[in-house]
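Q: sequence and predicted structure below; questions after.
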Amino acid sequence: MSDYLWDKSGEPDADIEHLENLLGTLRHQPRALELPTEAHTFQSRRTFSRPALAVAAALVVMILAGVWFGVVQQRDARRDSPTIAANPATLQTTTERATEATREATPEVAVQTTPSNVGTESKTAPGIEPERQKQQVVNFEPNRKFRTRVATRAASPKQRRRLDADGEHGVRSHEATEMAAAPTPRNTRPELATLAAADLAERQKAKEQLMLALRLTTAKLSFVQTKTNEKSRGTGGAKPVYEERNRIR
Amino acid sequence: MKSIVNAFVRITVASLLIALVSIASQAQTAAAAAADTSGKLQIAQLDRLASKAAEFINVNMDERLLRLVPSVLSNDPEEKDVKEVIAGLRGIYVKRFEFDNEGAYGAGDLEAIRAQLSPPNWSRIVEIRSRRDGENIEVYLLTNGGRVDGLVVLSSEPKELMVINIVGSIDLDKLAKLRGQFGVPEDLEYETKPRTKRQ
């Protein structure tokens, strides 16, 4: 048997040669691949290249991160500014001490809340002549929360109807709010007095805390001043606080 | 398509990392700058001493509370002075601990505060050390262009620790005018200017 079919050695078989000639036209031809025209047109239609897409995505992510950071900072700033730092226990201690400390310096304060003077709280010290009492009228400015509550709760139904009617005739909403907050005997209720008293109490506590802090500070600075004066007289020691401040100026 | 997704993921992760590092460094810088120039010290860590203290005074007055005070101050000369003193302030913070025994607080407690009072913003203008009484007082000022923007008094005794932190524009002359009020003895030499008699 011939090995021609196996390794092309030996006598070639005529049939095999014929088949080789027939199929030889289909054998591999080493040449560049010719892509169809549609493929070229498809590539050229792409709007964005890969790097451009990637850069755009990165930019979007960075912008989002920046926006998020800004929002977080704003929220933190908002949270930091209007906080009340005093805890009740501390405040109580502080209040008691400050009250003792400032009792001699400031007259006792009594809050008189009557239907006619809710809007302007008057602080009256016993034993002070009427002229002086006039000077002690505190300009109480209700905050926004207070005004809103006044507008929504304190106005009587009749007053609300009047406000609504005024609103239809061109009165602005903030004017209506101010009208609702105006201290008239009709809109005076116990909750108003409670609110005003709570606000005033907060202010009084703040004052007591301040007085205590100032008392401690001035006492300590006085002591420092005395000590430094003693030293500067004797041994030329440290300069007094106020002289040093003047030097800095 | 797969390579596009891979490239997208890589670049996104890299961008996120860069953004995170940038945000962290920005936040750190902002916090450090705020601590340095605002004049407000971090003294909340001292609160743990309150449990050991026989007496603890804690005054925390931020700007909002300070703005409440003038409305309840009268026109008396004394309270008028207080109004003037607090006009430029943004906060007053005082912590005072009185202990029954010595050694209730450590040097580390003081060092944590001194570390925040570093130059060039802060300058220590007075230091009093008394070996006899064991009393140490340090006064620091935060100055910005010749203006006093913060004051810290650090006072430590064997059985007492007090930190006073006043934040904001301080007029020490006006503060000095408060002498003789609120229990402060008037006979202490306190002012540099001659005292004028009040009307």
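A: Yep, it's here. Numbers count the residues shown, from 1 in each chain, chains lettered A, B, ... in the order given.
Q: rest of the way, CA atoms for contacts and neighbours
A: OK.
Q: what is the neighbour count of A:Ile16?
A: 12 (other C-alpha atoms under 10 Å in any protein chain shown).
Q: quick one, what contacts it?
A: A:Ile16 makes contacts with A:Leu5, as judged by C-alpha atoms under 8 Å, 6 or more residues apart in numbering or on different chains.
Q: and the contacts of stretch B:104-120?
A: Residues outside stretch B:104-120 that contact it (C-alpha under 8 Å, 6+ apart): B:35-36, B:41-43, B:46, B:49, B:52-53, B:123, B:140, B:159.
Q: now for those residues, which pair is the farthest apart?
A: The distance between the two most remote of the contacts of stretch B:104-120 (C-alpha to C-alpha) is 31.3 Å, for B:Lys52 and B:Ser123.
Q: give the next helix or strand downstream of the strand or helix carrying B:Ile18.
A: Taking DSSP states H and E as the definition, B:Ile18 sits inside helix B:2-38. Using DSSP H and E, the helix or strand that follows helix B:2-38 towards the C-terminus is strand B:55-62.
Q: list the helices and strands that next one packs on?
A: When contacts are defined as 3 or more C-alpha pairs under 8 Å, 6 or more residues apart in numbering or on different chains; DSSP states H and E, strand B:55-62 packs onto helix A:88-103, helix A:190-234, strand B:89-98.
Q: and these, which one is worst for confidence?
A: Lowest mean pLDDT within the helices and strands packed on strand B:55-62: helix A:88-103, a mean of 42.
Q: which residue lies nearest the spatial centre of chain B?
A: B:Asn165 (2.7 Å; C-alpha atoms, centre = their mean).
Q: contacting residues for that residue?
A: B:39-41, B:92-94, B:150-153.
Q: try it again with 6 Å
A: With contact taken as C-alpha atoms under 6 Å, 6 or more residues apart in numbering or on different chains, B:Asn165 is in contact with B:92-93, B:151-152.
Q: just confirm it is within a strand.
A: Yes - counting by DSSP: H, G, I helix; E, B strand; the rest coil, one finds B:Asn165 located in a strand.
Q: if we ignore the residues flanking it in sequence, what's nearest it?
A: B:Val152 (4.6 Å; C-alpha to C-alpha, 6 or more residues apart in numbering or on different chains).
Q: so what does the one you found look like in phi/psi?
A: With angles defined as degrees, to the nearest 10, B:Val152 sits at phi -130, psi 130.
Q: and for it, the neighbour number?
A: Other residues near B:Val152 come to 25 when the count uses other C-alpha under 10 Å.
Q: how many residues are close by A:Thr217?
A: The burial count assigned to A:Thr217 is 22, neighbours taken as other C-alpha under 10 Å.
Q: pLDDT weak spots in chain A?
A: Scanning chain A for pLDDT under 70 picks out the ranges A:1-2, A:38-48, A:79-192, A:195, A:231-249.
Q: surely B:Val126 touches B:Ile137?
A: No - using C-alpha atoms under 6 Å, B:Val126 makes no contact with B:Ile137, being 7.7 Å away.
Q: got the buried residues for the helix or strand containing B:Gly108?
A: Taking DSSP H and E as the criterion, B:Gly108 maps to helix B:107-114. By 16 or more other C-alpha atoms under 10 Å in any protein chain shown, the buried positions in helix B:107-114 come out as B:110, B:113.
Q: sheet-wise, list the partners of the helix or strand just after that helix with their directions.
A: For helix B:107-114, the following helix or strand on the C-terminal side (DSSP H and E) is strand B:122-130. Using DSSP bridges, strand B:122-130 pairs in its sheet with strand B:135-144 (antiparallel).
Q: what does the strand it pairs with rub up against?
A: For strand B:135-144, contacts defined as C-alpha under 6 Å, 6+ apart pick out B:121-129, B:148-157.
Q: just the buried ones out of those residues, please.
A: For these, buried by 16+ other C-alpha under 10 Å: B:121-122, B:124-128, B:148-157.
Q: related to what we said a few turns ago, tabulate the contacts of stretch B:104-120 (JSON lines), appending pLDDT.
A: JSON lines is the format used below for those (pLDDT from 0 to 100):
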{"residue": "B:Ala35", "pLDDT": "51"}
{"residue": "B:Asp36", "pLDDT": "53"}
{"residue": "B:Leu41", "pLDDT": "85"}
{"residue": "B:Gln42", "pLDDT": "85"}
{"residue": "B:Ile43", "pLDDT": "86"}
{"residue": "B:Leu46", "pLDDT": "87"}
{"residue": "B:Leu49", "pLDDT": "88"}
{"residue": "B:Lys52", "pLDDT": "86"}
{"residue": "B:Ala53", "pLDDT": "87"}
{"residue": "B:Ser123", "pLDDT": "86"}
{"residue": "B:Tyr140", "pLDDT": "89"}
{"residue": "B:Lys159", "pLDDT": "88"}
